[in-house]
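Q: generate a structure from the sequence data that follows.
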Amino acid sequence: MTRQNADDFDADAEADVDADAETDVDAETYADVDVETDAETVDEDIDEDVVEDEDVDEDVDEDVDEGEPDAEEPGPDLGSVLKKRLAHLPFALVPALGIAVLLARLLVRLLRPLVPGWLVRWIRPLIPDWLAKPFLLRVAGVAICTLGVVLSTFVAEMAVFGRFEHRHDQQVEYAAFRAELAAGTAPIGARDYRGVLLHPGAPVALLSIPSIGVDEVVAEGTSGAVLESGPGLLRGSVLPGQVGTSFVLARAFGYGGPFHYLDQVQPGDRVEVTTGQGVAEYRVSDTRRRGDPEPARLHGQLGRLTLITATGPAYTPDDALYVDADLISQVQPTPLGVAPRYARDESPMARDRYARLDVAAWMAVLVAATVLAFWAGPRWGRAKTWLVAAPVLLVVGLTLADRIALLLPNLT
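A: Numbering: from 1, shown residues only. Alright, predicted model coming up:
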């Protein structure tokens, strides 16, 4: 099929072209037909098939105001308090065990002079050998070593290794997206040119904010795992350059902190986004936080880009920052089809609900590796044991730290 303008396309549709000819549309024609769709069809598609911008805007604002939509609302009842404490049990179990052992030993030493000799002689045979002094020291050593590995690797992951992971992921995504642009198969909506729903993490755009030095690949989805690689497009919002509001979220501190300097953006600054439909240009209109007046709702053939990140103390943010930018370039048509709704753990400042199981599993692996290291020490020698154990503990600790990072707000 060759390129056709909007009138030819309508005439062919009314003539009921054979279905076999329609299936022969390749990737290049797929992009051409969507770009040449007239304004009236775009309006109907937005009203009927695409998730309305107003609904998405309201959902995002409500999610930020409420904090985390999936998290249990804090309440005075005992059940919610216990549930919150049990969620942090994997972190507290190992160090608590070591502290309990040390306190027990101290208590025994303090009370031993006060206990009658006959009671000591009667109780001692009842105590198993594995509770002897060497065992208690090993338990305390395992607890302290495990806690040290967790804390050190978490700091290293967030401050050092996370930056290298972010840079590597950006290079891979940029190469993939550039190849799609060259082939004319870059996505222009929630589905690719074959009609398959985009998977989380798939590159969809290139974001450039010259005033703060941002040049990032934007991926599909805004979960904590996706935002470790760079900015993400909130599912359910339109692609930048199309009619409606596009929401792009990114981290402020960890994993390279792509939006670390977003609060320095000033009204009038330009933002450019490259998609499969071309380059969309925006002009920053406002910066706002919770409680600030919201921008006027869009009507007609208008587009807006909202950049969102965390604000507050580093790694412990308490609010979200919004930067609104108005589309000043030509509006691009929105493709047909219903856009998927974003999950609760993809909203601003949300946490990964399923990361707790991963944290508990990797914590168990770390404890097991530490126990094996302490067991092998007297048998292999300290030097040989730690030469083998140190790399293992480092890899397991970094993996655990990456899972722990998902328990933080996704914009951290």
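
Q: excluding its backbone neighbours, what's nearest Ile308?
A: Closest residue to Ile308 apart from its sequence neighbours, by CB to CB, 6 or more residues apart in numbering: Leu249 at 4.8 Å. Yep, even glycine has a C-beta here, placed from its N, CA and C like the rest.

Q: need phi/psi at the residue lying closest to Phe161 once chain neighbours are set aside.
A: Excluding the flanking residues, the one nearest Phe161 by CB to CB, 6+ apart is Leu398, at 6.2 Å. Recorded main-chain torsions at Leu398 are phi -70, psi -40, according to degrees, to the nearest 10.

Q: so how far is Ala143 from Leu398?
A: Distance from Leu398 to Ala143, counting by CB to CB, to the nearest Å: 20 Å.

Q: got the buried residues for stretch 282-301?
A: Within stretch 282-301, the residues that count as buried by 16 or more other CB atoms under 10 Å are 282, 284, 287, 295, 298.

Q: so the fourth one lies in a helix, does it not?
A: No - counting by DSSP: H, G, I helix; E, B strand; the rest coil, Pro295 is not part of a helix but coil.

Q: let me see the contact set for it.
A: By CB atoms under 8 Å, 6 or more residues apart in numbering, the contact set of Pro295 is 285-286, 304, 324.

Q: now Thr287, what are its backbone angles?
A: According to degrees, to the nearest 10, Thr287 has phi -120, psi 130.

Q: in terms of pLDDT, where does it sit?
A: As predicted, Thr287 sits at a pLDDT of 94.

Q: if I look at the nearest residue to it once chain neighbours are set aside, what pLDDT would I see?
A: The shortest distance from Thr287 to any non-neighbouring residue, by CB to CB, 6+ apart, is to Val323 (5.2 Å). pLDDT, Val323: 97.

Q: any idea how far Gln277 is from Val323?
A: Distance of Val323 to Gln277, computed by CB to CB: 22 Å.

Q: just to revisit the earlier point, mind putting the buried residues of stretch 282-301 into TSV with distance to Pro335?
A: What follows is the buried residues of stretch 282-301, written out as TSV (distance: CB to CB, whole Å):
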residue	distance to Pro335
Tyr282	20
Val284	27
Thr287	31
Pro295	25
Leu298	19
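
Q: you'd agree Gln301 is up against Val331?
A: Yes - between Gln301 and Val331 there is a contact under CB atoms under 8 Å: 5.0 Å.

Q: list the residues that contact both of the two?
A: With CB under 8 Å, 6+ apart as the test, Gln301 and Val331 both reach Val243.

Q: could you chop this protein up by domain?
A: Domain assignment for the chain, taken from automatic domain parsing, gives 53-71+168-346, 87-160+354-405.

Q: winner for burial among the ones you listed?
A: Highest mean neighbour count among those (mean count of other CB atoms under 10 Å): domain 53-71+168-346, with a mean of 19.

Q: now do the strands in this structure.
A: 203-209, 214-220, 232-233, 244-249, 270-275, 278-288, 303-311, 319-327 (DSSP state E).

Q: per-residue pLDDT, Asp47?
A: We have a pLDDT of 42 for Asp47.

Q: also Arg290?
A: Looking at Arg290, the pLDDT reads 84.

Q: so where's the chain uncertain?
A: 1-112, 114-115, 120, 123-124, 126-137, 338 (pLDDT under 70).

Q: ranges for the helices of it?
A: 6-14, 19-22, 27-35, 39-48, 53-66, 78-87, 89-111, 117-123, 133-156, 162-183, 224-227, 355-380, 382-405 (DSSP state H).

Q: what separates Thr185 from Ala175, distance-wise?
A: Following CB to CB, the distance that separates Thr185 from Ala175 is 14 Å.

Q: same thing with Gly184?
A: Gly184 sits 17 Å away from Ala175, taking CB to CB as the criterion.

Q: same question, Pro267
A: Distance of Pro267 to Ala175, computed by CB to CB: 35 Å.
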